[in-house]
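Visitor: the following block contains a protein sequence and its predicted model.
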Amino acid sequence: MSKRAEGNDKKFDKKKLYSIAEAVKILKESGKAKFDETVEIAVRLGIDAKQTDQTIRGTISLPHGIGKTKKVVVIAKGEKIKEAETAGADFFGSEDMIDKISKGWMDFDAIIATPDIMKDLAKLGKLLGPRGLMPNPKTGTVTFDIARTVKEIKAGRVEFKNDPQAIIHSIIGKLSFDENKLVENAQTLIAQIVSLKPASAKGQYIKSIALSSTMGPGVKVKIEA
């Protein structure tokens, strides 16, 4: 264990549950990296991750963003390409953009596509799917509302989905954020996850919550009603 890790462990009780505000304060006091660390949340759910009707997946625009400007690609046809350019998309095109990605270009963080081009985009499924980049109606990235979606993603909209262990991992901001902003971002995401509880899920839905930073400790958080 590094000296830093040993020092962090002395700043809080790893067995104790803290409020979100207390957890954020611990992370900020522990942050000594030479870069602006990312703050993440992990929410373990009481769902059967093997059942498709219990998959928790969604998108949300956090009130204070995530401290990172995402590079957005829009793949569309006709006037929607112009709409993408006007809205501030970093890259935009049609079949030419699909061809560029198929050859290995991956210098972007999100893809938005219009429904009428998804048939052509489908051939990139094996390339984009494993990276979580394939446009999907459930996450709002298959849409004709290009301008609004581009602006939301660049402003800090996050996508989330439970993993095979029924845990949702998501960024909620940077360690340099004001404490209250990190708390509000965390609370907003948790509320959204709670609202998506499937009817078929039995027992306790939110099993545990933890906050962590890139180089900092993981702090267990109280489950607030």
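Guide: Thanks, I have the structure now. Numbers count the residues shown, from 1 in each chain.
Visitor: low-confidence ranges, this protein, go.
Guide: Within the chain, the ranges that satisfy pLDDT under 70 run 1-10, 225.
Visitor: quick one, longest helix in it?
Guide: In the chain, assigned by DSSP state H, the helix with the most residues is helix 179-195.
Visitor: so what touches it?
Guide: With Cβ atoms under 8 Å, 6 or more residues apart in numbering as the test, helix 179-195 has contacts from 20-21, 24-25, 28, 39, 41, 43, 45, 56, 58, 60, 62-64, 66, 158, 160, 168, 170, 172-173, 177, 205-206, 209, 211. C-beta coordinates here come from the backbone N, C-alpha and C atoms, glycine included.
Visitor: centre of the chain to it, how far?
Guide: Taking Cα atoms, centre = their mean, to the nearest Å, one finds helix 179-195 lying 12 Å from the centre of the chain it belongs to.
Visitor: now it: buried residues?
Guide: For helix 179-195, the neighbour count (16 or more other Cβ atoms under 10 Å) marks Lys181, Leu182, Val183, Glu184, Asn185, Ala186, Thr188, Leu189, Ile190, Gln192, Ile193 as buried.
Visitor: please apply the same query to stretch 48-59.
Guide: For stretch 48-59, burial by neighbour count (16+ other Cβ under 10 Å) applies to Gln54, Thr55, Ile56, Gly58, Thr59.
Visitor: and if you look at stretch 68-86?
Guide: Going by neighbour count (16+ other Cβ under 10 Å), the buried part of stretch 68-86 is Lys70, Val72, Val73, Val74, Ile75, Ala76, Lys80, Ile81, Glu83, Ala84.
Visitor: ok, now stretch 160-179?
Guide: Going by neighbour count (16+ other Cβ under 10 Å), the buried part of stretch 160-179 is Phe160, Lys161, Asn162, Ala166, Ile168, Ser170, Ile171, Ile172, Gly173, Lys174, Leu175, Phe177.
Visitor: out of the residues you listed, who's nearest Gly216?
Guide: For the buried residues of stretch 160-179, the closest approach to Gly216 (Cβ to Cβ) belongs to Leu175, at 7.7 Å.
Visitor: quick one, what contacts the closest residue to that closest one other than its chain neighbours?
Guide: Leaving aside its sequence neighbours, Leu175 sits nearest to Glu37 (Cβ to Cβ, 6 or more residues apart in numbering; 4.2 Å). Going by Cβ under 8 Å, 6+ apart, Glu37 touches Gly31, Lys174, Leu175, Ser213, Thr214, Met215, Gly216.
Visitor: for ChimeraX, what selects the buried ones among the contacts of helix 179-195?
Guide: A single ChimeraX command selects the buried members of the contacts of helix 179-195 (16+ other Cβ under 10 Å):
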select :20,24,25,28,39,41,43,45,56,58,60,62,64,66,158,160,168,170,172,173,177,205,206,209,211
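Visitor: domains in the chain, by residue range?
Guide: Domain assignment for the chain, taken from automatic domain parsing, gives 13-66+157-221, 72-155.
Visitor: what is the end-to-end distance of the last one?
Guide: One end of domain 72-155 sits 11 Å from the other (Cα to Cα, to the nearest Å).
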